[in-house]
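Q: Sequence first, predicted coordinates after that:
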Amino acid sequence: MTFKRFVEIGRVALINYGPDNNKLCTIIDVVDQNRVLVQGADGSEAKVARQILSLKRVALTDFKVKIGRNARQKSLNKAWTKGDIWNKWNNSSWAKKLAAKKKRASSNDFMRFKVARAKSARNKQARAKAGL
């Protein structure tokens, strides 16, 4: 199995630390072996300002857009639209897991109670089918 996610211009990444946590961005330029210049595309979720981040703070995704070095915001938005990145991201299992985690974290006591009751009923039904 070979490594397929390289740090390269146009690679879409997920920020995993700081105020822009769990936001998508694109690598615009490589500063040195530890830092990259990133910028987010205009989108429904959130906009990431152009900034230099450590590679420890980003997680590379499988998605890549075709842009030039130090691309402007307008060309970045056009590349994201052409590559259909938002749709691909929202359909990925990674995004679905993050959405479920966010939903779980924002639930209240009554929602957790309903989920526990539903799980209990589902398990009871499964035991009845198995004949236990």
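A: Structure received. Residues are numbered from 1 along each chain as shown.

Q: Select the longest helix from the protein.
A: Looking across the chain with DSSP state H, the single longest helix is helix 109-130.

Q: which strands and helices sit next to it?
A: Helices and strands touching helix 109-130, by 3 or more CB pairs under 8 Å, 6 or more residues apart in numbering; DSSP states H and E: there are none. C-beta coordinates here come from the backbone N, C-alpha and C atoms, glycine included.

Q: Now for D29: which residues touch it?
A: D29 makes contact with 9, 36-37, 69-70, according to CB atoms under 8 Å, 6 or more residues apart in numbering.

Q: can you do 10 Å?
A: 9, 35-39, 50, 52, 68-71 (CB atoms under 10 Å, 6 or more residues apart in numbering).

Q: now swap in V115 and tell me
A: The contact partners of V115, by CB under 10 Å, 6+ apart, come to 104, 107.

Q: All the strands of the chain, residue numbers only.
A: Here the chain has its strands, by DSSP state E, at 11-15, 24-30, 35-39, 51-54, 58-64.

Q: Do I have it right that A71 meets G10?
A: Yes: between A71 and G10 a contact is recorded at 8.3 Å, counting by CB atoms under 10 Å.

Q: Next, show the common contact partners of these two.
A: Both A71 and G10 are contacted by 26, 28, 65, 79, under the criterion CB under 10 Å, 6+ apart.

Q: Which of these sits closest to P19?
A: P19 has its nearest neighbour among these in T26, at 17.9 Å by CB to CB.

Q: Next one: the nearest residue to that closest one once chain neighbours are set aside from L24, what distance?
A: Spatial nearest neighbour of T26, chain neighbours left out: V12 (5.5 Å); criterion: CB to CB, 6 or more residues apart in numbering. According to CB to CB, to the nearest Å, V12 stands 6 Å off from L24.
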